[in-house]
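Asks: Okay, sequence plus prediction incoming.
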Amino acid sequence: MLELTLPIFEEKLDIKLKKAVFQNDVDEAIRLIGEYTLSKLDLSDAGITDDHIDNVTKILLACENITELNLRKNKITSQGIVKLSHFLEKNSTIKTLDISRNILNSEGLKIIAGLLIKNQVIKVLNLTNILHNYEFSGVVALKEALKKNQSLQTLFFDGNIAIGHYPYHNPIIASWFVKTHSYGDQIVALFCDALKANKTLKSLSLRDNGITDTGVENLYALCIGNNTLNSLYIGNNLTLKEGGFFNMGQPSIFSFTGAQCLANFIKNNHVLTKLIVARCNFGFTRAGIQVIIEALEHNHTLIAVDFGSIHPEVDYFWETRTRFLAKALEKNWNLLYVFPTSLEVEKLLTRNKQNAEKLAQAIIDCQLNKQSLPVENAANIKKYQTAIAEILRTTFRKSEEDILCLFEEYENFSFKEPHQKIDISILESINDFNVNRSLVSSAAQEVTLLLSGNNSNRTSYNAIEINSTPEIVIEITSESEDATQVSQKTGTFSCNVS
């Protein structure tokens, strides 16, 4: 008789760890962490309740190498968060905390807000889908905490208002609730107020919060009051016009106001590098698409944008969207990632990437060789700095510290390399000298003019265009051992550029 032997599969490490914590076997959990030298404690979807938080804190106390704690999708309430916060207030190792999809409500959010005031170590915090009531005191407390916190860099606050909890199969109720109470718009207003004082938050996600036109209008405040936020995610929001509602998943009244506000935000914000507005209903209107995407022509910091539709599988304006994107990319050389895309869009993105790679390599070579950059590269590096930084980060695998160092060194270079040499020995008077505009670049780069003749009487002239006006200032310095030979031409003169 044939004997059947079933293979024995070893239980995965993450399952073992979750089981140990759930079964109150703290020693086994500590052993596993030590044996595999883990830096992340992943207890997501592990059935963790308030009673298990003591186990979690004991493990963190024993394993100081843990820098990331993931408690996503468990059954933790505000009571459990009280225990966790008391521990984290004095903890100096946890940099990333994920407590998304737990049942915290406003009271739990207030506790988290208090933690952010006392803890100045946490850099990434995920609070997605934690509110299951519509009491705003917790969000207000979070706003005040963000004003005082000096460590948090990334915050996820997705799916916490109305539309995130009302099922999409009943869109009329969801839209009525959003329109009537404007919870999402209030959230945006509170965060905008907080970011006027906060100088450390770099990435903010407010997806799926029922934000309407009013909320998008409030985003404009970020252009004025904050200079650090570089990534903003506001996808899966409605931007409904007054009186509008969803009907079978499609907007019946389209809002152009939200699109105009977002366009103004794109034009006037000079810090943001990533903007995700996918699945918002202004994408269904041709005019909304056009006004938003044309704004990209005037933006010089964004490297990634997502204008995907609310229903990607039925995108009636895909071709329109990509056509406008291709037109914007003809003038925008900073964008590296765009959605939706087409062959023409991909071609232009490849051009941008190759340009950024070339300039990134120029910076690296400049640092290695301790040489100043060619003048034509100097202006482009400043113009395409965000794209270059992304290429240094992804292609050249440079750390944020290395990138800052490279740009600091680049800015310290004198850029004395001549752009063009001109024989001006025939000039009788420097005051009568007219320089062709083509010799002076629009980026205020230096042009060196060398006086020909005897080397001992050589004089250099640095022509610098000021504020793009048709006037240049020429500084004359003698390189002759006997300065008296050219003393009649030493000084600063102004002359018109033809």
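Replies: Received it, and whenever you're ready, just let me know what you need.

Asks: Would you agree A29 is in contact with K19?
Replies: No: the criterion here is CB atoms under 8 Å, and A29 misses it with K19 at 9.1 Å. From N, CA and C alone the C-beta is placed, and that goes for glycine too.

Asks: Shouldn't L41 be within a strand?
Replies: Yes: the assignment for L41 by DSSP: H, G, I helix; E, B strand; the rest coil puts it in a strand.

Asks: list the contacts for it?
Replies: For L41, the contacting residues are 17, 33, 56, 59-60, 63, 66, 68-70, by CB atoms under 8 Å, 6 or more residues apart in numbering.

Asks: how does it look with 7 Å?
Replies: Residues in contact with L41 (CB atoms under 7 Å, 6 or more residues apart in numbering) are 59, 66, 68-70.

Asks: Any figure for the gap between it and L13?
Replies: 12 Å (CB to CB, to the nearest Å).

Asks: try N24
Replies: Relative to L13, and taking CB to CB, N24 is found at 19 Å.

Asks: Pull out the buried positions in stretch 335-350.
Replies: Buried residues in stretch 335-350, counted by 16 or more other CB atoms under 10 Å: 335-336, 338-340, 342, 345, 348-349.

Asks: Same list, those, but as TSV with secondary structure, pLDDT and distance to F265 please.
Replies: Listed next are the buried residues of stretch 335-350 as TSV, based on DSSP: H, G, I helix; E, B strand; the rest coil; pLDDT from 0 to 100; distance: CB to CB, whole Å:
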residue	secondary structure	pLDDT	distance to F265
L335	coil	95	16
L336	coil	96	20
V338	strand	93	18
F339	strand	89	19
P340	coil	86	20
S342	coil	89	25
V345	helix	94	22
L348	helix	95	23
L349	helix	95	23
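
Asks: Can you tell me which of the residues you listed is nearest I112?
Replies: Proximity of the buried residues of stretch 335-350 to I112 (CB to CB) peaks at F339, which lies at 32.5 Å.

Asks: Is the closest one bridged to anything, and to what?
Replies: D306 (DSSP bridges).

Asks: Thought G308 was touching it, still the case?
Replies: Yes: assessed by CB atoms under 7 Å, F339 is found in contact with G308 at 5.4 Å.

Asks: Return the residues in contact with L392.
Replies: Per CB under 7 Å, 6+ apart, neighbours of L392: 360, 398, 403, 406.

Asks: Most neighbours out of the contacts of L41, which is it?
Replies: L69 (24 neighbours; other CB atoms under 10 Å).

Asks: Mind jotting down where the helices sit in the stretch 101-250 of the chain?
Replies: 105-118, 137-148, 171-181, 183-197, 213-218, 221-225 (DSSP state H, counting those that start in this stretch).

Asks: Need the pLDDT of L4.
Replies: The pLDDT attached to L4 in the predicted structure is 49.

Asks: With neighbour count and distance to Q150 added, can I get the contacts of L392 in TSV?
Replies: Output for the contacts of L392, formatted as TSV (neighbours: other CB atoms under 10 Å; distance: CB to CB, whole Å):
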residue	neighbour count	distance to Q150
A360	24	31
K398	19	25
I403	20	22
L406	21	26
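
Asks: Show me these that map onto helices.
Replies: 360, 403, 406 (DSSP state H).

Asks: And the nearest residue to the last one once chain neighbours are set aside, how close does it get to L125?
Replies: Right, the one you point to is L406. In space, and not counting its chain neighbours, L406 is closest to I363: 5.2 Å by CB to CB, 6 or more residues apart in numbering. I363 sits 33 Å away from L125 when distances are taken as CB to CB.
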